[in-house]
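In: quick check, what structure comes out for this input:
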Amino acid sequence: MKEMFVEDDSKDIDVDAPSIAPDAPKPLQWLDMSNWDSQPTPERKWAIRDRVPLNQAGLFSGEGGTGKSIIELMRNVAHVTSKDWLGSVPEPGPAFYLGAEDDADEIHIRLAAIAKHYGVTFKDLVNGGLRVLPLLGQDATLCTVAKSGKIEVTGLYKQLFEAAGDVKPKNVSIDTLSRAFAGNEIDRVQVYAFAMHMQALAKVAGGSVTVLSHPSLAGISSGTGISGSTAWHGAFRFRMYLKGVTAKKGEQPDNDLREIEFKKNQYGPRGEAMVLRYQQGLFLPEAGVTNLDKLAREVKADEIFLDLLRRFAGEGRNVSHNLSSPTNAPAVFAGEAEAKKHRFSKNELKETMSRLFTANKIYVQEYGRPSRPHQRLAVKQ
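Out: This is a model prediction of the structure:
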């Protein structure tokens, strides 16, 4: 029974009533939303709009040798130089690349091709904030398993965390997961703990963290592109998967082609896929895939179409706008050296002809006897 005693004011007091211990946890700090009706809704922040959210960590998976490292280096160069990356312009700012699978010479070779493509120098990359740490043959572990079984960070992680807080990179590339994570990939608790540390790194940087990884055989066959536990998909806020393009029945595979699929974007559209082609040391979108590349290619197609039309007219060779005619311009021009050099297909040149008609740059000219007129395509003067 509980003891009771009476004070002078005659009020009973329960001496066994609970009291707050000195080391008791603080009360929960609930979010104060009381002023939100009068405040504007904040805009979502992106490292790459509609693809990679800011302050988040994600995975970029793909089979070995498919080109993940090249594509990730291209992205980092795009960050520091404000250039296009797969049809989007990443948020400008510094970028870190930790590479545990290649030495300094190989990274030099790859960056030289990328810098040439973007028309920048290594001085531009350094001034823009690109920082590269080659760790081939060295311990690249960022998170390991303590004796207690919990995931803990290493000295390298602490160095990286401090540098990220100082420099504020828009992206930190960790290449690859197998070298950075010393835990068990099928242990959900360990996976989420590793993701938490990558998230902390993204937050202190004010950017994104991208961990490159290899899928398991099951991940390849299923098309998920992950390895181990499904927690890898759930623990990260964005995920990309790079794979070879499967040939159609009866066709030979094109070993220069890849497909990148944006598997997950926690805060925007997902499921976007893009075909890339290996050329001159880079993986670039197939013609017409991205907005900036499409614009540049259309301009070039217009230029070549008009040049060919003028040349043919000067040579007395008439071409037709009629696609059923054996002399239709798109089919004839596609066989010329100028078009072959840029891989302009008949279908692309068909679209080019339509675009030039709309722009009032070409027209159908009638010629011959009035009783038996003919038509030919001509450049409008």
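
In: so where is the protein shaky, pLDDT-wise?
Out: Counting by pLDDT under 70, the chain shows low-confidence ranges at 1-22, 246-254, 269-271, 287-296.

In: how about 80 then?
Out: Where the chain drops to pLDDT under 80, the residues are 1-23, 216-230, 245-254, 266-272, 286-297, 381.

In: can you list the residues that contact the helix or strand that Val299 is a member of?
Out: Element membership for Val299 (DSSP states H and E) is helix 291-314. The contact list for helix 291-314 (C-beta atoms under 8 Å, 6 or more residues apart in numbering) reads 84, 87, 89, 284-285, 287-288, 318-319, 329, 332-333, 336, 338-339, 342, 344, 348-349, 351-353, 355-356, 361-362, 377-379. Where C-beta positions appear, they are placed from N, C-alpha and C, glycine not excepted.

In: skipping adjacent residues, who's closest to Gly67 in space?
Out: The shortest distance from Gly67 to any non-neighbouring residue, by C-beta to C-beta, 6 or more residues apart in numbering, is to Phe283 (4.9 Å).

In: quick one: the helices in the protein?
Out: For the chain, the helices defined by DSSP state H cover 68-81, 104-118, 122-128, 155-167, 177-180, 188-205, 217-222, 231-235, 291-314, 329-334, 337-341, 346-358.

In: out of the ones you listed, deepest packed?
Out: helix 68-81 (a mean of 24; mean count of other C-beta atoms under 10 Å).

In: so how far is that helix off the chain centroid?
Out: Between the centre of helix 68-81 and the centre of its chain there are 9 Å (C-alpha atoms, centre = their mean, to the nearest Å).

In: kindly calculate the angle that that helix makes with helix 104-118.
Out: Relative orientation of helix 68-81 and helix 104-118, computed by axes from the mean of the first three to the mean of the last three C-alpha atoms, to 10 degrees: 60 degrees.

In: please save the CA atoms from helix 68-81 in PDB.
Out: Provided in PDB are the C-alpha atoms of helix 68-81 (Å, rounded to 0.1, in the frame of the first residue of the first chain):
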ATOM      1  CA  LYS A  68      29.900   4.200 -64.700                       C
ATOM      2  CA  SER A  69      33.100   5.900 -63.700                       C
ATOM      3  CA  ILE A  70      33.300   7.800 -67.000                       C
ATOM      4  CA  ILE A  71      29.700   8.900 -66.700                       C
ATOM      5  CA  GLU A  72      30.200  10.000 -63.100                       C
ATOM      6  CA  LEU A  73      33.400  11.900 -63.900                       C
ATOM      7  CA  MET A  74      31.500  13.600 -66.700                       C
ATOM      8  CA  ARG A  75      28.800  14.600 -64.200                       C
ATOM      9  CA  ASN A  76      31.400  16.100 -61.800                       C
ATOM     10  CA  VAL A  77      33.000  18.100 -64.600                       C
ATOM     11  CA  ALA A  78      29.500  19.400 -65.600                       C
ATOM     12  CA  HIS A  79      29.000  20.500 -62.000                       C
ATOM     13  CA  VAL A  80      32.300  22.500 -61.800                       C
ATOM     14  CA  THR A  81      32.000  24.000 -65.400                       C
END
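
In: now for that helix, which elements pack on it?
Out: Using 3 or more C-beta pairs under 8 Å, 6 or more residues apart in numbering; DSSP states H and E, the elements in contact with helix 68-81 are strand 56-62, strand 95-99, helix 104-118, helix 122-128, strand 130-134, strand 171-175, strand 208-213, strand 282-285.

In: distance between the longest one and the chain's centre?
Out: Relative to the mean C-alpha coordinate of its chain, helix 104-118 is positioned 19 Å out (C-alpha atoms, centre = their mean).

In: the closest residue to Lys203 other than its chain neighbours: what's it in contact with?
Out: The shortest distance from Lys203 to any non-neighbouring residue, by C-beta to C-beta, 6+ apart, is to Asn55 (5.2 Å). Contacts of Asn55 were listed using C-beta under 8 Å, 6+ apart, and they are 45, 202-203, 206-208.

In: same question for Val379.
Out: Contacts of Val379 by C-beta under 8 Å, 6+ apart are 306, 309-310, 313, 361-362.

In: identify the bridge partners of the residue nearest to Gly67.
Out: Per DSSP bridges, the residues bridged to Phe283 are Tyr278.
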